[in-house]
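>>> coordinates only, no sequence provided:
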C-alpha cells in the first residue's frame, strides 16, 4: 500500500519556536485526536531504554509543552513506516537524535508505562509493536511515539520549548471516540479494537486495595469472555494517584490489580489467562492536582494479549 506523506521540506528551518505539529510528515489520512498545551511544566525526555537496574533515563526539559496525537484509519503502515519520515525530517533540521528504539529494545511494557502517553482512545500503544524517538536541538525537544491497532495507525508527539508562548490549555478528542461507560458499553468490542480498556466501574478509595462491591459488570463480562476464548489473556494494570512515594504506589497499584484478578478467577476466568502488574502513578490520565483527577487516576486497566 502506497502511503502519501505531507513532507515538510524545510521542517523547523525558519521557526523560532518548537516543531509545529502541522509540519510533521504524517500520512494524508491522519486525523488529530488529541491536542494539549501546558505552560511552565517539566517533561522527562527519555534518553535511553528502560532497564531493571536503572529504570528510564531521561533529560529534564522545562517550558511550554505541546502534546498531539493522530489516528490513521485504514492504513497498512507499520510503526517503523510512520516513524521513518519523521526521523528523516528531524535529522534534516539538525536535531540530535537521543533515542530511537522499537518495543522490546525500548523496554517493552516498563518503558511504555514510564513515559507520558495520551490516554485512549486518542492514542493507542501495542505493547509489542511500537517505536519511540526522542531528539533535541538547543532549547527545544521532541519525542515521537508510533504504534498501531488492528484497524489504524497512531502517532503521538510531545514537543517542548523553554521560550515558547502557550496558545492554550485545552484537551480535545475526536468527536465520537470518547470512552463509553464500560458497565453499559460494548466492553469486549473496545478491548479487541483498542487492545486495552479502563475498567471504569472498578473504583478504589485513596490508599485502599479492596473492591468493596460485588457484581461488577465489567469484570463479570471479562470473566465470561476469557472462559469462552481460551486463546486470549488479560493483563490487569493497576494505576494510582500521585499521593505518596513511587515505590509505595507501585505496590499499591499491584495490589489493586491483584484484587481484580482474584475477582475474575472467582467469577470463572481460567487462572492462567489472568495476570497483574502495577505502575503506580507513572501513567496518569488526568491531573493529580484536583480530587476529581486523582479519583480518575485510581483505576485498573485491562490489556488484551494473545495466549502464549
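Yep, that arrived. These figures come from a predicted structure and were not determined experimentally.
>>> when you work out contacts or count neighbours from here on, use the C-alpha atoms and nothing else.
Will do.
>>> next one: residue 206, what pLDDT does it get?
Residue 206 is assigned 70 on the pLDDT scale.
>>> residue 51 touches residue 107, doesn't it?
Yes. If you go by C-alpha atoms under 8 Å, residue 51 and residue 107 touch, sitting 6.6 Å apart.
>>> and the two? Which one has more around it.
residue 107 (21 against 15; other C-alpha atoms under 10 Å).
>>> any idea how far the more buried one lies from residue 207?
Here residue 107 is placed at a distance of 28 Å from residue 207 (C-alpha to C-alpha, to the nearest Å).
>>> rounded mean pLDDT for the helix or strand where residue 44 lies, please.
Assigned by DSSP states H and E, residue 44 falls within strand 31-46. Computed over strand 31-46, the mean pLDDT rounds to 88.
>>> now for it, which elements pack on it?
With contacts taken as 3 or more C-alpha pairs under 8 Å, 6 or more residues apart in numbering; DSSP states H and E, strand 31-46 sits against strand 58-73, strand 140-148, strand 172-173.
>>> same thing but 7 Å
If you count contacts as 3 or more C-alpha pairs under 7 Å, 6 or more residues apart in numbering; DSSP states H and E, strand 31-46 packs onto strand 58-73, strand 172-173.
>>> tell me the strands beside the first one, with direction?
What it means is strand 58-73. strand 31-46 (antiparallel), strand 152-161 (antiparallel) (DSSP bridges).
>>> deepest of these, which one?
Of these, the one with the most neighbours on average (mean count of other C-alpha atoms under 10 Å) is strand 152-161, at a mean of 26.
>>> and it, how far out from the chain middle?
11 Å (C-alpha atoms, centre = their mean, to the nearest Å).
>>> circling back: in JSON lines, list the strands paired with strand 58-73 along with distance to residue 278.
Converted to JSON lines, the strands paired with strand 58-73 look like this (distance: least, C-alpha to C-alpha, whole Å):
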{"stretch": "strand 31-46", "distance to residue 278": "20"}
{"stretch": "strand 152-161", "distance to residue 278": "24"}
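>>> let me know the secondary structure of residue 201.
Under DSSP: H, G, I helix; E, B strand; the rest coil, residue 201 falls in the coil class.
>>> from residue 300, how far off is it?
10 Å.
>>> can you check residue 125 too?
17 Å.
>>> which one of these two has more residues nearby?
Neighbours per residue, other C-alpha under 10 Å: of residue 125 and residue 300, the larger number sits with residue 300, 30 against 26.
>>> I'd say the more buried one and residue 236 touch.
Yes. With contact defined as C-alpha atoms under 7 Å, residue 300 reaches residue 236; the gap is 6.4 Å.
>>> anything in contact with each of those two?
Common contact partners of residue 300 and residue 236 (C-alpha atoms under 7 Å, 6 or more residues apart in numbering): residue 257.
>>> what angle do the one helix or strand residue 84 maps to and strand 152-161 make?
Using DSSP H and E, residue 84 sits in helix 79-92. Using axes from the mean of the first three to the mean of the last three C-alpha atoms, to 10 degrees, the inter-axis angle of helix 79-92 relative to strand 152-161 is 30 degrees.
>>> give me the helices and strands touching helix 79-92, please.
Partner elements for helix 79-92 (3+ C-alpha pairs under 7 Å, 6+ apart): strand 130-137, strand 140-148.
>>> so which of those strands gets nearest residue 34?
Closest to residue 34 of the helices and strands packed on helix 79-92 is strand 140-148 (C-alpha to C-alpha; 13.6 Å).
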